[in-house]
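Colleague: how would this look folded up:
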Amino acid sequence: MPPAKKEVRPSSRGGRIRTPAFVKNQRGVKNWKEVGAWLAWRGIEDIECITPDQAGVARGKMMPSKKFTSNTSLALPSAVFMTTISGGYPEDGNGFHYPEDDGDLKLMPDLSTLTVVPWEEDPTAAVICDLVHQDGRSVEFTPRNVLKRVLAAYDKRGLKPVVAPEIEFYLVRKNPDPDYPLTPPVGRSGRAIGGGAGYSIAGVNEFDELIDDIYHFSESQGLEIDTLIHEEGAGQLEINLRHGDPIELADQVFMFKRTIREAALKHEIYATFMAKPIAAQAGSSMHLHMSVVDEAGNTLFAGRDDADTEMFGHFIGGLQKYIPEVMPLFAPNVNSFRRIRPNHSAPANIEWSHDNRSCGLRVPAGGRAARRVENRLPGADANPYLAMA
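Modeller: Just a heads-up that it's a prediction; the model follows:
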């Protein structure tokens with residue numbers, strides 16, 4: 001077999017040049033000038049312009065790729081951000097009223113998030129969008145903008161938060177009737193998956209082909225998985241993401257949930273991020289490992305002597321003070337509170353301790369550079385942008 005030829009494109013003078021490096025980026029471009037080449041190199045036909053609603057569900061519009069330009073004007077009705085997890089609207093009362101005008105909000109693509117949608121049959125790309133008013137002002141209540149506003153407050157002080165999420169979820173049999181309980185799927189062994197398989201490699205191997213698809217889909221989108229394990233529940237898995245910028249990691253969680261659901265559907269099963277999908281099994285959480293560094297990337301949670309710093313204490317104290325008020329962001333649904341039970345690795349407290357999983361705020365073992373706080377209270381059903389904010 002002859003060696004593969006390098007990708008080339010004709011120049012305006014009829015010569016041949018190498019493909020620009022940016023078009024091979026798995027995730028994102030810098031500006032609109034790069035968009036056309038990025039899409040053309042992949043033969044993209046459709047674009048999904050998506051944004052997370054208050055429940056973390058992807059909302060948006062699709063369009064032909066040739067229509068995706070800097071002059072394109074896209075909008076969503078403001079009521080989209082008042083929908084519940086099931087797509088309906090809360091009943092009038094308790095301060096909620098459906099807006100009669102239901103004005104439009106403009107979708108502004110964040111080109112750094114442009115990526116392929118690997119599970120679609122037709123070549124498709126997706127881009128995460130921010131929301132602005134018609135006059136260009138940022139829409140403050142959208143989840144992604146809420147997190148951006150919090151990060152801006154850190155930036156003004158020369159501080160940089162770092163997060164690393166752990167996402168738990170269940171694989172379950174297809175269940176077209178929501179009135180029936182969810183049940184564990186059948187693995188490659190041909191047997192229904194049972195519980196008690198925490199950290200079992202054999203438990204992971206039951207879903208080898210599905211996990212391979214998750215890996216391949218993730219790589220195609222530039223999403224980086226750190227580790228994957230089988231958790232305690234029957235058919236319950238956990239994916240850990242590498243630490244980094246909160247916006248980038250919230251975007252990854254948002255995209256990972258879509259990725260995992262689509263990979264599961266390919267194998268005729270469902271993936272669910274309900275906090276407590278099966279009554280007799282462990283709940284699913286989204287633990288958040290958090291730290292703060294200075295502009296040079298040095299930890300502010302541990303001193304040269306490896307002792308906890310004053311800022312570290314204030315950070316934990318702030319969490320303990322405000323978590324009760326923001327608990328609806330960590331547990332946004334009725335089902336969410338079924339997960340939070342003593343002795344079920346879902347602490348019902350805001351105590352903190354070193355390397356103690358019974359505490360809501362755990363400080364994992366590790367050296368000075370790895371000093372961090374693990375918030376064990378958010379459920380897997382939490383909106384990642386709001387939970388991180």
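Colleague: Show me what Trp352 bridges to in the sheet.
Modeller: Following DSSP bridges, Trp352 is listed with bridge partners Leu361.
Colleague: how's the protein carved up into domains?
Modeller: Here the domain parsing of the chain from automatic domain parsing is 8-141, 160-388.
Colleague: now these in JSON lines, with mean neighbour count, distance to Tyr154 and mean pLDDT?
Modeller: Glycine gets a C-beta too; all of them are placed from N, C-alpha and C. Shown next, in JSON lines, are these (neighbours: other Cβ atoms under 10 Å; distance: least, Cβ to Cβ, whole Å; pLDDT from 0 to 100):
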{"stretch": "domain 8-141", "mean neighbour count": "15", "distance to Tyr154": "17", "mean pLDDT": "86"}
{"stretch": "domain 160-388", "mean neighbour count": "18", "distance to Tyr154": "6", "mean pLDDT": "95"}
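Colleague: I'd say Gln134 and Ser73 touch.
Modeller: No: in this structure Gln134 lies outside contact range of Ser73 using Cβ atoms under 8 Å: 10.1 Å.
Colleague: quick one: common contacting residues for those two?
Modeller: Common neighbours of Gln134 and Ser73, counting by Cβ atoms under 8 Å, 6 or more residues apart in numbering, are Lys106.
Colleague: Which helix or strand contains the residue lying closest to His230 once chain neighbours are set aside?
Modeller: Excluding its sequence neighbours, the residue lying closest to His230 (Cβ to Cβ, 6 or more residues apart in numbering) is Gly203, at 3.5 Å. Assigned by DSSP states H and E, Gly203 belongs to helix 201-205.
Colleague: ditto for Ile239
Modeller: Per DSSP H and E: strand 236-241 holds Ile239.
Colleague: So what pairs up with Tyr170 in the strands?
Modeller: Using DSSP bridges, the bridge partners assigned to Tyr170 are Gln236, Thr272.
Colleague: For it, give me its contacts.
Modeller: By Cβ under 8 Å, 6+ apart, Tyr170 lies in contact with 182, 184, 233-237, 271-272, 274, 277-278, 281, 284.
Colleague: check contacts around the closest residue to Lys266 other than its chain neighbours.
Modeller: Distances taken as Cβ to Cβ, 6+ apart place Asp213 nearest to Lys266, at 6.0 Å, with adjacent residues excluded. Listed by Cβ under 8 Å, 6+ apart, the contact set of Asp213 reads Ala263, Lys266, His267.
Colleague: repeat for Ser70
Modeller: Here Ser70 is in contact with Trp32 (Cβ under 8 Å, 6+ apart).
Colleague: Look up how far Arg27 lies from it.
Modeller: 20 Å (Cβ to Cβ, to the nearest Å).
Colleague: how about the strands in the stretch 1-150 of the chain?
Modeller: Along the stretch 1-150 of the chain, counting by DSSP state E, counting those that start in this stretch, strands occupy 8-10, 16-18, 46-52, 58-64, 74-77, 104-109, 115-116, 124-132.
Colleague: center of the protein - which residue?
Modeller: A centroid search over the chain (Cα atoms, centre = their mean) returns Val253, at 1.2 Å, as the residue closest to the centre.
Colleague: My read is that it contacts Pro384, right?
Modeller: Yes: the pair Val253 / Pro384 is scored as a contact, 3.8 Å apart, by Cβ under 8 Å.
Colleague: before we move on, the earlier item: what would the contacts of Asp213 look like in TSV with secondary structure and distance to Gly36?
Modeller: Formatted as TSV, the contacts of Asp213 follow (DSSP: H, G, I helix; E, B strand; the rest coil; distance: Cβ to Cβ, whole Å):
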residue	secondary structure	distance to Gly36
Ala263	helix	30
Lys266	helix	31
His267	coil	36
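Colleague: Looking at those, which is nearest Val363?
Modeller: Taking Cβ to Cβ as the measure, Ala263 is the one of the contacts of Asp213 closest to Val363, at 33.7 Å.
Colleague: Spatially nearest residue to the closest one (excluding sequence neighbours)?
Modeller: In space, and not counting its chain neighbours, Ala263 is closest to Asp213: 4.3 Å by Cβ to Cβ, 6+ apart.
Colleague: The helix or strand hosting that neighbour to strand 236-241, inter-axis angle?
Modeller: Following DSSP H and E, the helix or strand that holds Asp213 is helix 208-220. Counting by axes from the mean of the first three to the mean of the last three Cα atoms, to 10 degrees, helix 208-220 lies at 20 degrees to strand 236-241.
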